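Novice: Any chance you could fold what I've pasted below:
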Amino acid sequence: MPITRQLNQGQIDVLTVLYKFRFGTRELIAASLGKQNGNPIYSRLSILEQRGLVDKRFESSYRLNGRAAEYYLTASGLRALRGLVELDGLDDKAIKASYKDRIASDQFLQRNLAIYAISNALAAIDDGLNLFTKRELTEFDYFPKQLPDAYISRKIHGSAKPYFLELFMADMPPFAIDRRLRQFIAYYEDDEWSVTETPFPAILCICENDKTEKRVRKQAVRALKRSDTDILLYTTTLPAITTSREGGGMIWSSISEPEKIVALPSL
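Specialist: Down below sits the predicted model:
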């Protein structure tokens with residue numbers, strides 16, 4: 001019997017979210033699937049791991065540091081999922097790239113987990129929001145060549161509002177921040193987004209901490225002045241966004257009005 005016929009919907013759901021975010025912990029997966037109790041997710045992951053569809057990163061030091069196991073799809077898991085559902089970006093190239101997940105750097109892994117946590121936090125305060133990861137954007141040629149960490153489409157009064165989301169970690173040097181911001185500006189100036197016939201996306205900069213946010217804001221002010229563009233750019237911090245539900249999402253501040261704290265802008 002083909003292995004795909006042995007999978008139930010709950011197991012397929014786990015495979016799907018792991019495809020989307022590339023890496024996930026049991027807690028993150030449970031939150032994204034609306035499971036308050038992580039036990040069903042643990043059972044599903046165990047079965048999928050036994051069948052060779054899922055693998056995990058876990059070392060003895062994890063227990064000492066209170067770090068959870070990080071799960072990801074194997075190439076077999078991706079092939080099985082492709083036979084069950086149609087997903088953006090799930091092609092031979094994605095399957096080939098998945099072989100690197102076993103040896104991916106901790107920095108890469110943590111960045112993907114952070115995007116997963118951000119997605120869960122945003123979904124908790126806005127059910128009209130859809131977040132698409134890099135894996136899901138690869139087949140659309142009108143996105144920037146250097147893809148954002150995520151693309152958000154948010155329904156407001158019947159129309160979809162677009163956003164690019166970018167994560168800035170504390171170890172990112174000023175020159176790298178400036179280069180990333182200039183890449184967005186160059187993309188805006190090239191007018192490639194116009195084929196979508198929607199407003200240019202606001203850029204949501206999520207910074208690892210307050211110090212990083214100040215650095216990003218300083219670099220953004222300089223970059224926007226040099227280009228004389230009217231890109232909308234907002235910043236917040238990772239701690240603020242992961243607890244955003246408590247404050248109703250009032251965590252964003254624009255480059256043009258830094259003292260004003262707002263919810264996710266409606267453009």
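Novice: what's the first-to-last distance across stretch 11-31?
Specialist: End-to-end span of stretch 11-31 (Cα to Cα, to the nearest Å): 15 Å.
Novice: no no, stretch 56-75
Specialist: Start-to-end, stretch 56-75 (Cα to Cα) is 13 Å.
Novice: cool, stretch 87-105 as well?
Specialist: Span of stretch 87-105 from end to end, Cα to Cα: 26 Å.
Novice: show me the contacts for the residue lying closest to Leu48 once chain neighbours are set aside.
Specialist: Closest residue to Leu48 apart from its sequence neighbours, by Cβ to Cβ, 6 or more residues apart in numbering: Val54 at 4.0 Å. Placement of C-beta: from N, CA and C, glycine included. Val54 sits next to Val14, Leu15, Leu18, Leu45, Leu48, Tyr71, Tyr72, Leu73, Thr74, Gly77 when contact means Cβ atoms under 8 Å, 6 or more residues apart in numbering.
Novice: So for the helix or strand harbouring the fourth one, mean pLDDT?
Specialist: With elements delineated by DSSP states H and E, Leu45 resides in helix 39-50, which encompasses its position. pLDDT averaged over helix 39-50 equals 94, rounded to a whole number.
Novice: contacts for it?
Specialist: Helix 39-50 has contacts (Cβ under 8 Å, 6+ apart) with 10-11, 14-15, 26, 29-30, 33, 35, 54-56, 71, 77.
Novice: C-terminal to it, what's the next element?
Specialist: Immediately after helix 39-50, counting by DSSP H and E, sits strand 54-57.
Novice: Can you tell me the strand partners of that next one and which way each runs?
Specialist: Counting by DSSP bridges, the strands paired with strand 54-57 are strand 70-73 (antiparallel).
Novice: quick one: the helices in this structure?
Specialist: 9-21, 26-32, 39-50, 60-65, 75-82, 92-97, 106-125, 134-137, 174-190, 210-227, 238-242 (DSSP state H).
Novice: So which of those is nearest Ser253?
Specialist: Nearest of the helices of the chain to Ser253, taken as Cβ to Cβ: helix 210-227 at 8.3 Å.
Novice: was I right about Asp101 contacting Gly24?
Specialist: No. Proximity of Asp101 to Gly24 does not meet the contact threshold set by Cβ atoms under 8 Å, at 11.7 Å.
Novice: hey, what's in contact with both of those two?
Specialist: Between them, Asp101 and Gly24 share the contacting residues Tyr72, judged by Cβ under 8 Å, 6+ apart.
Novice: More neighbours: which of these two?
Specialist: Gly24 (30 against 19; other Cβ atoms under 10 Å).
Novice: List the beta-bridge partners for that one.
Specialist: For Gly24, the beta-bridge partners are Tyr71 (DSSP bridges).
Novice: give me every residue that touches it.
Specialist: Val17, Leu18, Ser32, Glu70, Tyr71, Tyr72, Leu113, Tyr116.
Novice: The fourth one: neighbour count?
Specialist: If I follow you right, that is Glu70. 23.
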